[in-house]
Structure formats: C-alpha cells, structure tokens
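S.K.: The following comprises the amino acid sequence and a computationally predicted model.
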Amino acid sequence: MTLEDLFATIEARKGADPESSWTAKLLAKGPEKCAEKFGEEAVEAIIEAVKDDKAALTSEAADVLYHLLVMLAARDVVLGDVMAELARRQGTSGIAEKAARE
C-alpha cells in the first residue's frame, strides 16, 4: 500500500455512512477532532520511540500516517500538494530551508 492509495481510500470515505466507516465517523466530527486524534496518535508514537519498542512504534507510526491523512482530507489539503512541497525542498539543506522561512 502507498500513501496515495491510503489517501484515495480516505477521500472515498468522505461521503460514507459514519456508522459503517471509522474514517467517515472521524471526518463527520470535523477537522478539529481529526487534528486532535492526529495529536493523540503522534504522542503515542513518541512514547513508543522513547521506550524503544520497534513493533509498537511501527504500529503507532501506521496510526500517525493514517490520522495525518485524515486530518489533511478534513481540511481539503491534497496529498499531492504535500508531496510537491517535499519535492520542492529536496536538495536543500534542512538548516538552509528553515533559515529561509525566518
């Protein structure tokens, strides 16, 4: 599965019945709830990274990626735009890129 595949599935579930789809249920609660859930999953991933539990971190990382994409979909941010931004930054030092934003 690719991130593009997952994002396409999330987009397809936007109009689904919230009683039959976890994704639709999250999206029906609004962008703020989607952002909150992403934050919860990110914290859980951090905890597993600190504990050095690779299996648990792998599972939490999957949750983080899924909930990030749900949050993007909730705000109508297209994954392709995020990927284009990453491509734009490619070849630029992270230090230089951050300095350019300041």
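M.R.: Thanks, I have the structure now.

S.K.: Please report the distance of residue 11 from residue 49.
M.R.: Noted for residue 11: a distance of 29 Å to residue 49, by Cβ to Cβ, to the nearest Å. Glycine gets a C-beta too; all of them are placed from N, C-alpha and C.

S.K.: what about those two, which has more around it?
M.R.: residue 11 (17 against 14; other Cβ atoms under 10 Å).

S.K.: show me the contacts for the more buried one.
M.R.: Applying Cβ atoms under 8 Å, 6 or more residues apart in numbering to residue 11 gives the contacts residue 73.

S.K.: Could you tell me what pLDDT the model assigned to the residue most central in space within the chain?
M.R.: Most central in the chain under Cα atoms, centre = their mean is residue 68, positioned 1.4 Å from the mean C-alpha point. pLDDT, the model's per-residue confidence, is 98 for residue 68.

S.K.: residues touching the residue lying closest to it once chain neighbours are set aside, list them.
M.R.: Excluding its sequence neighbours, the residue lying closest to residue 68 (Cβ to Cβ, 6 or more residues apart in numbering) is residue 38, at 5.7 Å. By Cβ under 8 Å, 6+ apart, the contact list for residue 38 reads 64, 67, 68, 70, 71.

S.K.: Any figure for the gap between residue 78 and residue 84?
M.R.: Where residue 84 is concerned, residue 78 sits at a distance of 9 Å (Cβ to Cβ).

S.K.: I misspoke; the intended subject was residue 35.
M.R.: Going from residue 35 to residue 84 by Cβ to Cβ gives 22 Å.

S.K.: Which one of the two is surrounded by more residues?
M.R.: Taking other Cβ under 10 Å, residue 35 and residue 84 do not tie; residue 35 has more neighbours (16 against 11).

S.K.: Thanks a lot, see you next time.
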